[in-house]
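Visitor: how would this look folded up:
(2 chains)
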Amino acid sequence: AQSVTQPDIHITVSEGASLELRCNYSYGATPYLFWYVQSPGQGLQLLLKYFSGDTLVQGIKGFEAEFKRSQSSFNLRKPSVHWSDAAEYFCAVGAPEYGNKLVFGAGTILRVKS
Amino acid sequence: DVKVTQSSRYLVKRTGEKVFLECVQDMDHENMFWYRQDPGLGLRLIYFSYDVKMKEKGDIPEGYSVSREKKERFSLILESASTNQTSMYLCASKGRTYNSPLHFGNGTRLTVT
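Guide: Next up, the predicted model:
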């Protein structure tokens, strides 16, 4: 079965600094990959998704992620973090043989200091 | 925009009570899901449904049941609430294709005392 690891439980960055959130997955072929963000008290909002093609995908709010097959990774990046980016971020993996189910990582809480 | 609405933001129930969590989506999605979210554990799938009256167990179905009588509505039922079911519950829906993203409601924070 596929699995997802987000190694960092908490990350703190300064406003204006760059950000990279790590995501590693376990799956034999190319999975479907997603990043979601959850602001306090809210549900999850889709930031971006990868299915195939260009390995660098652009999302909303200035985020991007790069699929690296050799490293089984799908790390999320942003060149300059804003205070409003403070939230919890979830990586998720799906695959055709698992139907419509997604497997989520445990999440990374991002704190932004001014 | 897809809208997934969970009927309650906060619920407080007593141990042993029967609890209903309701979820409605407005995009005619075939698939609906109930997740439970706990700190450090991420989202864990309780049950999902791929059609009216159809359901499948997720990873942690024990102590829960579900009902899907209409396409737009998916209910999560706690037959006899226990304190270890205190959690955030998230409903989601998605379209037919495998690579469709999930669309989430705002969650229901349930406290069982």
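
Visitor: going forward, measure contacts between C-alpha atoms and count neighbours the same way
Guide: Noted.

Visitor: Would you mind confirming that B:Gly16 is in contact with B:Asn84?
Guide: No: with contact defined as CA atoms under 8 Å, B:Gly16 does not count as touching B:Asn84 (11.8 Å).

Visitor: Centroid-nearest residue for chain B?
Guide: Nearest residue to the geometric centre of chain B (CA atoms, centre = their mean): B:Trp34, 2.7 Å.

Visitor: Once you drop chain neighbours, what's closest to that residue?
Guide: Of all residues not flanking B:Trp34 in the chain, B:Cys91 sits nearest, at 4.7 Å (CA to CA, 6 or more residues apart in numbering or on different chains).

Visitor: Would you state the predicted confidence (pLDDT) at the one you found?
Guide: pLDDT recorded at B:Cys91 is 97.

Visitor: so it makes contact with B:Met32?
Guide: Yes: look at B:Cys91 against B:Met32 with CA under 8 Å: they come within range, at 7.3 Å.

Visitor: which residues are in contact with both of the two?
Guide: Here B:Cys91 and B:Met32 have no joint contacts, going by CA atoms under 8 Å, 6 or more residues apart in numbering or on different chains.

Visitor: hang on, the earlier thing: elements contacting the helix or strand hosting the residue nearest to B:Trp34?
Guide: Secondary structure assignment for B:Cys91, by DSSP states H and E: strand B:87-94. Counting contacts by 3 or more CA pairs under 8 Å, 6 or more residues apart in numbering or on different chains; DSSP states H and E, strand B:87-94 packs against strand B:4-6, strand B:31-38, strand B:103-104, strand B:108-112.

Visitor: quick one: that strand to chain centroid distance?
Guide: 5 Å (CA atoms, centre = their mean, to the nearest Å).

Visitor: swap in stretch A:24-36?
Guide: 10 Å.

Visitor: same check, this time on stretch A:43-51
Guide: The answer for stretch A:43-51 is 8 Å, by CA atoms, centre = their mean.

Visitor: Say whether chain B is contacted by it.
Guide: Yes: judged by CA under 8 Å from any CA of the partner chain, stretch A:43-51 and chain B are in contact via A:Gly43, A:Leu44, A:Gln45, A:Leu46, A:Lys49, A:Phe51.

Visitor: which among those residues gets closest to A:Gly62?
Guide: The closest of the residues of stretch A:43-51 next to chain B to A:Gly62 turns out to be A:Leu46 (CA to CA; 12.9 Å).
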